[in-house]
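Student: Below: sequence and its predicted model.
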Amino acid sequence: MSRLGVLYLWGVFAFLYLPMAVLLAYSFNESAYGLSWDRLGFEWYWRLLDDPLLIEATLNSVAVAVLSASLATMVGTAGAVGLHLYDFRRAALFRALLMITLMSPEIVMGVSLLVLFLALRVPLGFGSLLLAHLTFCLPFVTVTVLSRLRDFDQRLIDAALDLGASEVQAIVHVVLPLALPAIAAGWLLSFTLSLDDVVVSFFVTGPDFEVLPLRIYSMVRMGVKPEVNALAALLFGVSLGLVVMSQRLLGRRV
Amino acid sequence: MRPSEGIWWLARGLLPVWLLLFTLIPMMMVLVVSVLTRDETRFIDPVVTLENYQRLLDPVYLRVFIDSVTMAGLSTLACLCLAYPFAYLLSRATQAWRPVLLTLVIVPFWTNSLVRIYAIRSLLAAKGALNSVLLAQGWINEPVRLLYTGWAVGLGLIYVLLPFMILPLYSSFEKLDRRLIEAAADLGAGRWAIFRHVILPLTAPGIVAGCLLVFLPALGLFYVTDILGGAHNLMIGALLKDQFLEARDWPFGSAASLIMILLLFVLLGIYRLTQRLAGSGQMDDV
């Protein structure tokens, strides 16, 4: 690669990471509004613990993220295995549905789910939020697991069936163990998606159930406070950890 | 059928049913609501009308549409210009470096975009990092107003959505068979001809997928204009938010969202077409 190419690559990476790095630096700066840099420490991080609304929103978010990631992993994995093993005639429609859900802009999903929930009289709050998060997590799990299933030797399944395993036994003892890293990665990615979602949650949650990104949104709208730097840095750190873990599980493949 | 097989049969059928119920059917309901009448108490009155679509042509709303499409379109173009060479270079990186570099792109892809927009805000604020540096260097005498401008909104959109352009493009470049380029060169094609007739058609699915994943969200990310722009930069996303959650005019909000749904389907159709032309039937991992 030419020197210019290397320069360009790192230039774009600098663009992607510099603002986050600056934010991280500010989050440790204890002098208010970062006008001087003489005191560094975790003061803003400790202040976060004094905000009961924030703690509640965090707990709500974690609960929704754990539940939606777990349910999405189960349903999404079963769907992926089904799609992979049978490739049935309706697969084209199935794939189209996956694609539509995957590519839908969040705002379209938020609006249309809001209309659905009100038509079905689903009260807006924890339940509606869980259903919505489950919906946008599902295709990510399915696609992640499906691409792993395509990679391994298909004859392993045939061998299990030839040796007298029932279909379910073949799935439980052969397919699922082979797909396990992708299933775990799917869970981690779903958890991250759910924890980070702003747009869909904004539409489908009710006034009694606030989640972390919406709490951050209203804090940011009220003005830049140093605590928000710490909170943003913290959330970035958590996402970073989860994504790196999921990439390791996938053998660092996309 | 044994019970375990029954459960398995149910489990694998759950996904398509779920997607149908929570993706396609709600979109159709939006279509239905868009031709109904607004009602103060029950949100909608079952009286069929096309008035909501007529209102979209009102100069006030037309302005919002033109402004948002321009803003989203320019941001998408900027992302494409930045990401195309980047994705190419990434696909040419050495085996040792590629996974590391790829992870560096994937991290911002999955990181909270609200947090990333906030980072841009604290960079551009009057007492923010950029102004501090410029003042300290003596390049400016007083803080420059960077926030609450169209440029800030554009920068924010590019910053947040760039990874969504890079990843589909990278996946196209990775699939690109280098021997096709060599063959074209052996047959006497010049650099431009190789790009125009080989590289461009084969990476077209990545271009379309990337544009889809950048353009539509750019129209919808209401908090970007909220945090970086002023009220004067009203975008479709903010309009939808207002109509559904504040003004409570669902039929009109639905008519406006239907435009986005139609755009989604048109772009998906173009994507399938370019995929077929590029000779790959596989679904891309996004």
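Tutor: It's in.
Student: Quick check: residues of the stretch 51-200 of chain B near chain A?
Tutor: Contact residues (C-beta under 8 Å from any C-beta of the partner chain) of the stretch 51-200 of chain B with chain A: B:82, B:85-86, B:89-90, B:92-93, B:99, B:101-108, B:110-116, B:118-123, B:125, B:127, B:129, B:132, B:159, B:162-163, B:167, B:170-171. C-beta coordinates here come from the backbone N, C-alpha and C atoms, glycine included.
Student: Which among these count as buried?
Tutor: Buried members of these, scored by 16 or more other C-beta atoms under 10 Å in any protein chain shown, are B:82, B:86, B:89-90, B:93, B:99, B:101-108, B:110-116, B:118-123, B:125, B:129, B:159, B:162-163, B:167, B:170-171.
Student: Against residue B:116, how distant is residue A:231?
Tutor: 13 Å (C-beta to C-beta, to the nearest Å).
Student: Would you map the helices across the stretch 51-200 of chain A?
Tutor: Assignment of helices within the stretch 51-200 of chain A using DSSP state H, counting those that start in this stretch yields the ranges A:52-86, A:91-103, A:106-119, A:126-151, A:155-162, A:167-170, A:176-196, A:199-204.
Student: Which strands and helices lie in contact with the fifth one?
Tutor: Yep, that's helix A:155-162 we're talking about. helix A:167-170 (3 or more C-beta pairs under 8 Å, 6 or more residues apart in numbering or on different chains; DSSP states H and E).
Student: Need the contact partners of the helix it packs on.
Tutor: For helix A:167-170, contacts defined as C-beta atoms under 8 Å, 6 or more residues apart in numbering or on different chains pick out A:157, A:160, A:161, B:2, B:4, B:5, B:8.
Student: The fifth one: what's its closest spatial neighbour, skipping adjacent residues?
Tutor: Leaving aside its chain neighbours, residue B:4 sits nearest to residue A:168 (4.7 Å; criterion: C-beta to C-beta, 6 or more residues apart in numbering or on different chains).
Student: Stretch B:237-248 near chain A at all?
Tutor: Yes. Counting by C-beta under 8 Å from any C-beta, chain A has neighbours in stretch B:237-248: B:237, B:240, B:241, B:244, B:245.
Student: now these as a markdown table including distance to residue A:187, pLDDT and neighbour count?
Tutor: Shown next, in a markdown table, are these (distance: C-beta to C-beta, whole Å; pLDDT from 0 to 100; neighbours: other C-beta atoms under 10 Å in any protein chain shown):
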| residue | distance to residue A:187 | pLDDT | neighbour count |
| --- | --- | --- | --- |
| B:237 | 30 | 90 | 26 |
| B:240 | 31 | 92 | 25 |
| B:241 | 31 | 90 | 23 |
| B:244 | 31 | 91 | 24 |
| B:245 | 31 | 89 | 13 |
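Student: by contact count, what packs against the one helix or strand residue B:156 maps to?
Tutor: Taking DSSP states H and E as the criterion, residue B:156 maps to helix B:150-175. With contacts taken as 3+ C-beta pairs under 8 Å, 6+ apart, helix B:150-175 sits against helix A:3-27, helix B:59-91, helix B:98-110, helix B:113-124, helix B:200-220, helix B:222-228.
Student: can you rerun that using 10 Å?
Tutor: Under the contact definition 3 or more C-beta pairs under 10 Å, 6 or more residues apart in numbering or on different chains; DSSP states H and E, helix B:150-175 sits against helix A:3-27, helix B:59-91, helix B:98-110, helix B:113-124, helix B:200-220, helix B:222-228, helix B:250-277.
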